[in-house]
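Trainee: okay, here's the prediction I keep looking at, along with the sequence it came from:
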There are 2 protein chains.
Amino acid sequence: MTTTATSRSRRRPVQTRARQTVEAILDAVIRILKREGFDAVTTNRIAEVAGVSIGSLYQYFPDKRAIFAALHRRHVEEVDRAIQTALIENAASSLDHLIRALVDAMIHAHTRDPELHELLMTEVPHRADGTVDFAMRLRGAFRLAIATRAGELSNGRDLDTTVFVVTHMVDALCHGAATRRPSHLSLADAKREISAAVLAYLRAVPAQAA
Amino acid sequence: MTTTATSRSRRRPVQTRARQTVEAILDAVIRILKREGFDAVTTNRIAEVAGVSIGSLYQYFPDKRAIFAALHRRHVEEVDRAIQTALIENAASSLDHLIRALVDAMIHAHTRDPELHELLMTEVPHRADGTVDFAMRLRGAFRLAIATRAGELSNGRDLDTTVFVVTHMVDALCHGAATRRPSHLSLADAKREISAAVLAYLRAVPAQAA
DNA sequence: AATAGATATGAGCATTCATTCAAGTATTTC
DNA sequence: GAAATACTTGAATGAATGCTCATATCTATT
């Protein structure tokens, strides 16, 4: 497990059998993470839990870090698909509706397995393992959503700035709603509140420079 | 480095010499993290870079994880002090001013060493290593700030909900502003924008239940 | 049926790493 | 200035880990 060199790449699974092996490996990591903690996630144990030989593991992953990277990628792509779907299904909706739909999609994606998401963020190293790509695509989604609805806004604000704020708001609040929501607050209420917060910002008149 | 058992506790530094040793150890971890990456952070290397013997390290830390925990604690306490100071210095200020001050303090704290903060969040495991405590104290600060200024708000909203939203907004946006701010956006502008977003939410009329 | 390519196996190697401990050196206390 | 306490040292240990490779089995293709 070296940080420095990019290890040589490996075979890409082409048969179904092989794809199952890869999936089994990623699933095994999750199971071990949840049941035994991060330190128990050794390559040998991964293979064991996946019901696969250690040799097979190294057919598809050049080193241990690559497994974590793949796990993050898989997770991120899942969320991304949800976002893109919401974006397409609401191409004709009002800003109001679209924001609600995006928030809904984000929360839904994070609610499927909050524990996993939490573990991935706090225990599994993920420097630039798709996280940056995801942030970019999320920004892209909101940029599109907002830019095409500029008419509905009391404008004047720079688009990049708006997108920056909205993206961070939605990401953090949805994540928080899925994992650390106060007990009084229902998921439905949380969704409403998050959308309301975003819309309040979008509609507010920009602050004047001091 | 075991996840399971809580390792037996160690000597607490009482002489200045010993406190310097502990500080040197934590500083060494940061240096290695930045220069050589997480995987290079071994106990032996920490001791070496700290200019301290490996034996001394184990006088004060029961195991490797404890070092990470201490590092997180030190960082979190720094941010916390900044927040508390802002809270006290603006005890008599308007909500507007106080929010600005809190945002300013948060950003300032994260701007001192953005790279470190980023590394701590993405590479160094930190499950429940002060992170939870920090979230609680941050919520406490905002709860106090908002509850004592309820008069300034177009109220009707549940306090816990408000605090939940505001805390996540400020934390994520300040963090983002310090580490991933788009190049067009100056720090000063970011501060204004974040404060504006928070105030827009606070002043907006609560959304109605569907 | 035969061939080639893809996939699977797992014992074992080289290395690394976290941690201990017995012995020494400062500092404080009385 | 002696006794007690706090601190430091670093070679050594042993368990664990990441990963390779020679061999075997499956699947697809012709």
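Mentor: Yes, it's here. Numbers count the residues shown, from 1 in each chain, chains lettered A, B, ... in the order given.
Trainee: geometric centre of chain A: which residue is closest?
Mentor: If you average the C-alpha coordinates of chain A and look for the closest C-alpha using Cα atoms, centre = their mean, you land on A:V76, 3.9 Å from that point.
Trainee: from DNA strand D, how far out is that one?
Mentor: Here A:V76 is placed at a distance of 22 Å from DNA strand D (Cβ to the nearest atom of the strand, to the nearest Å). No exception for glycine: its C-beta is placed from N, CA and C like everyone else's.
Trainee: which elements pack onto the helix-or-strand element of chain A with minimal mean pLDDT?
Mentor: Sorting the helices and strands of chain A by mean pLDDT, DSSP states H and E puts helix A:131-147 at the bottom, at a mean of 87. Other helices and strands packing on helix A:131-147, by 3 or more Cβ pairs under 8 Å, 6 or more residues apart in numbering or on different chains; DSSP states H and E, are helix A:64-89, helix A:95-111, helix A:159-179.
Trainee: which residues touch the second one?
Mentor: Outside of helix A:95-111, the residues that reach it under the criterion Cβ atoms under 8 Å, 6 or more residues apart in numbering or on different chains are A:78-79, A:82-83, A:85-87, A:89-90, A:93, A:117, A:141-142, A:145-146, A:149, A:152-153, A:170-171, A:173-175, A:177-179, A:187, A:190-191, A:194-195, A:198-199, A:202.
Trainee: what's the answer for stretch A:156-171, then?
Mentor: Contacts with stretch A:156-171, where a contact means Cβ under 8 Å, 6+ apart, come from A:102-103, A:106, A:135, A:138-139, A:142-143, A:146-147, A:194, A:197-198, A:201-202, A:205-206, B:169, B:172-173, B:176, B:181-182, B:184-185, B:189, B:193-194, B:197.
Trainee: now do it, average pLDDT.
Mentor: Stretch A:156-171 shows an average pLDDT of 94 in the prediction.
Trainee: from the chain's centroid, how far away is that stretch?
Mentor: 18 Å (Cα atoms, centre = their mean, to the nearest Å).
Trainee: A:I146 versus the nearest residue to A:A147 once chain neighbours are set aside, what's the distance?
Mentor: Nearest residue to A:A147 in three dimensions, chain neighbours excluded: A:L159, at 6.1 Å (Cβ to Cβ, 6 or more residues apart in numbering or on different chains). Using Cβ to Cβ, to the nearest Å, we find A:L159 at a distance of 7 Å from A:I146.
Trainee: which one's more surrounded, the two?
Mentor: Taking A:L159 and A:I146 together and counting by other Cβ atoms under 10 Å in any protein chain shown, A:I146 has the greater number of neighbours (20 against 14).
Trainee: got the residues of chain A near DNA strand C?
Mentor: Contacts of chain A with DNA strand C, taken as Cβ under 7 Å from any atom of the strand, map to A:11-15, A:17-18, A:20-21, A:44, A:52-56, A:58-59.
Trainee: now the residues you listed: which count as buried?
Mentor: With neighbours counted using 16 or more other Cβ atoms under 10 Å in any protein chain shown, those contain these buried positions: A:21, A:52, A:56, A:58.
Trainee: show me how far the host helix or strand of A:M121 is from its chain's centre.
Mentor: With elements delineated by DSSP states H and E, A:M121 resides in helix A:114-122, which encompasses its position. Between the mean C-alpha location of helix A:114-122 and the chain-wide mean there is a distance of 11 Å, by Cα atoms, centre = their mean.
Trainee: that helix vs helix A:159-179, what angle?
Mentor: On the basis of axes from the mean of the first three to the mean of the last three Cα atoms, to 10 degrees, helix A:114-122 is oriented at 130 degrees to helix A:159-179.
Trainee: got the buried residues for stretch A:188-207?
Mentor: Using 16+ other Cβ under 10 Å as the test for burial, stretch A:188-207 gives A:189-202, A:204, A:207.
Trainee: report the buried residues of stretch A:171-181.
Mentor: Going by neighbour count (16+ other Cβ under 10 Å), the buried part of stretch A:171-181 is A:171-178, A:181.
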